[in-house]
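K.L.:
any chance you could fold what I've pasted below:
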Amino acid sequence: MPYQIYSHTLPSATLGTQRILKAHHFGEQGARPKVYLQAGLHADEWPGFLVLNSLIKLLKEADDKGLIKGEIIIVPVANPIGLAQNFHGYIPGRFAFSDGGGNFNRNWPQLGEKVKKRLKGEVTGDAQENIGLVRSYIAQELAALPENTELQGMKKTLLALSMDADEVLDLHCSGEASMHAYVAQEFEDYFKPLLALLGAKVGLSELETGAASFDETNVSVWRTLKSDYAHLIPWGSRSLTLELRGENDISDDYANQDANALFDYLVLRGVVLGNAPEVDDSEVVYYPLDAMDLVKAPSAGIVCYSKNIGDPVEAGEVIGEVVDLMEDDVTASRYPLIARANGVFFARVQRRLVARGESIAKIAGREHLAFREIGNLFED
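P.N.:
This is a model prediction of the structure:
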């Protein structure tokens, strides 16, 4: 099948409005491996838009040469609802204004137990046959999901495009950060080449965050089934969240660099025909997500960092200060930001005016932190 673009219309939320999702399809439908990529689920995180735009150009050239072996679906703008939340020139696209609010990348529909009930008594000794059976039941459960609201329709559409993919790559970014990724523990080795190609040296590894995020939802069915069926049901999907540096790290140079890395990865996985790149992943280090220190502002005020993104830090070390502008004694108006983990300072909020108690910086550590709650590792 030649390259095609499909438009998916979302349920109309208000009179006279209508939003769409555009999906770019490469390769024959049903061909394997299948890879799904999207950007902008958090609608205020934009680097992925340009990266996928550049990747589509590369894939169109490959398609013209007949090099697409598998199936690739790209949704370069995954959240038109969030993009419409323009408030006096600012797009607060992380949380929904309507449909009960909430983080756009939390609380996605969980289908594992429903598929498990359908599958009971039908698992065979043929692992590939079982994968096909599970995918058919996933499709049936997806079709039964409600789409009474615009947000429900968006979630249902994105899952219908992604949940039968062998790999799901969800592109995000942080406020200010080095390239990093959130990866399920089971897939650390599998995705190490991807991180290396992208130049990411930090991977945050977790079993389950409790967030029911988009990337976790795509593998949740398989994780649920493997607890009962082990090797009889191999991983039918692997997913991760890529954090493409910071919000303002947007340029043609970055976009072309990252798009070429993703293209090389598709060649490496046999989705696109070509000479597989040699990958040195020796610099990629995984840090447990429950060992990540979320540094909180001890006071409201202006934050001044003394450490840079990518710097190593030690527990007890000061990485910056918050200046309380309302303090009467200006000589005693600075409050230190103290690291609680030995590791790497890899991300921070872009704003320099912060609120008391707000998580404003992230340090990837190696040892579990007692104050980090397993199953509730994302605070927002």
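K.L.:
what kind of secondary structure is the nearest residue to residue 258 once chain neighbours are set aside in?
P.N.:
Spatial nearest neighbour of residue 258, chain neighbours left out: residue 51 (4.5 Å); criterion: Cβ to Cβ, 6 or more residues apart in numbering. (Each C-beta comes from the backbone N, C-alpha and C, glycine too.) Remark: residue 51 carries the secondary structure label helix [criterion: DSSP: H, G, I helix; E, B strand; the rest coil].
K.L.:
what's the local residue count around residue 51?
P.N.:
Residues lying near residue 51 (other Cβ atoms under 10 Å) number 28.
K.L.:
one more: residue 272?
P.N.:
Neighbour tally, residue 272, other Cβ under 10 Å: 24.
K.L.:
Three-state assignment for the spatially closest residue to it that is not a sequence neighbour, please.
P.N.:
Nearest residue to residue 272, sequence neighbours excluded (Cβ to Cβ, 6+ apart): residue 266, at 4.5 Å. Under three-state DSSP, residue 266 falls in the helix class.
K.L.:
correct me if wrong: residue 266 contacts residue 277.
P.N.:
No. Residue 266 lies out of contact with residue 277 (Cβ atoms under 8 Å); the separation is 10.7 Å.
K.L.:
neighbour-wise, which of these two wins?
P.N.:
Legend: neighbour count by other Cβ under 10 Å for residue 266 and residue 277, higher for residue 266 (28 against 15).
K.L.:
quick check: the more buried one vs residue 2, distance?
P.N.:
18 Å (Cβ to Cβ, to the nearest Å).
K.L.:
on that earlier part again, residues in contact with the residue nearest to residue 258?
P.N.:
Neighbour list for residue 51: 39, 171, 244, 254, 255, 258, 259, 262 [criterion: Cβ atoms under 8 Å, 6 or more residues apart in numbering].
K.L.:
picking that back up, show me what contacts the residue nearest to residue 272?
P.N.:
Residues near residue 266 by Cβ under 8 Å, 6+ apart: 35, 59, 72, 272.
K.L.:
I figured the last one was touching residue 60, is that so?
P.N.:
Translated: residue 272. No. Look at residue 272 against residue 60 with Cβ under 8 Å: they stay out of range, at 11.8 Å.
K.L.:
residue 204: what secondary structure?
P.N.:
Applying three-state DSSP: residue 204 is strand.
K.L.:
the closest residue to residue 146 other than its chain neighbours: neighbour count?
P.N.:
For residue 146, ignoring the flanking residues on the chain, the nearest one in space by Cβ to Cβ, 6+ apart is residue 152 at 5.5 Å. Using other Cβ under 10 Å, residue 152 has 16 neighbouring residues.
K.L.:
can you tell me the element residue 152 falls in?
P.N.:
Using DSSP states H and E, residue 152 maps to helix 150-162.
K.L.:
so which elements touch that helix?
P.N.:
Applying 3 or more Cβ pairs under 8 Å, 6 or more residues apart in numbering; DSSP states H and E, one finds that helix 150-162 contacts strand 20-26, strand 34-39, strand 71-75, helix 80-83, helix 127-143, helix 214-229.
K.L.:
how about a cut-off of 10 Å?
P.N.:
strand 4-9, strand 20-26, strand 34-39, strand 71-75, helix 80-83, helix 127-143, strand 167-174, helix 214-229 (3 or more Cβ pairs under 10 Å, 6 or more residues apart in numbering; DSSP states H and E).
K.L.:
can those go into TSV with extra columns for mean pLDDT and distance to residue 95?
P.N.:
Compiled in TSV, those are given as follows (pLDDT from 0 to 100; distance: least, Cβ to Cβ, whole Å):
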stretch	mean pLDDT	distance to residue 95
strand 4-9	98	23
strand 20-26	98	19
strand 34-39	98	18
strand 71-75	98	20
helix 80-83	97	8
helix 127-143	97	25
strand 167-174	98	14
helix 214-229	95	15
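K.L.:
turn these into CSV, including distance to residue 158 and mean neighbour count.
P.N.:
Converted to CSV, those look like this (distance: least, Cβ to Cβ, whole Å; neighbours: other Cβ atoms under 10 Å):
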stretch, distance to residue 158, mean neighbour count
strand 4-9, 9, 12
strand 20-26, 7, 19
strand 34-39, 7, 25
strand 71-75, 7, 23
helix 80-83, 11, 20
helix 127-143, 10, 16
strand 167-174, 10, 25
helix 214-229, 7, 21
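K.L.:
columns distance to residue 208 on top of these, output as JSON lines?
P.N.:
Below are the helices and strands packed on helix 150-162 laid out as JSON lines (distance: least, Cβ to Cβ, whole Å):
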{"stretch": "strand 4-9", "distance to residue 208": "29"}
{"stretch": "strand 20-26", "distance to residue 208": "27"}
{"stretch": "strand 34-39", "distance to residue 208": "21"}
{"stretch": "strand 71-75", "distance to residue 208": "25"}
{"stretch": "helix 80-83", "distance to residue 208": "25"}
{"stretch": "helix 127-143", "distance to residue 208": "19"}
{"stretch": "strand 167-174", "distance to residue 208": "16"}
{"stretch": "helix 214-229", "distance to residue 208": "7"}
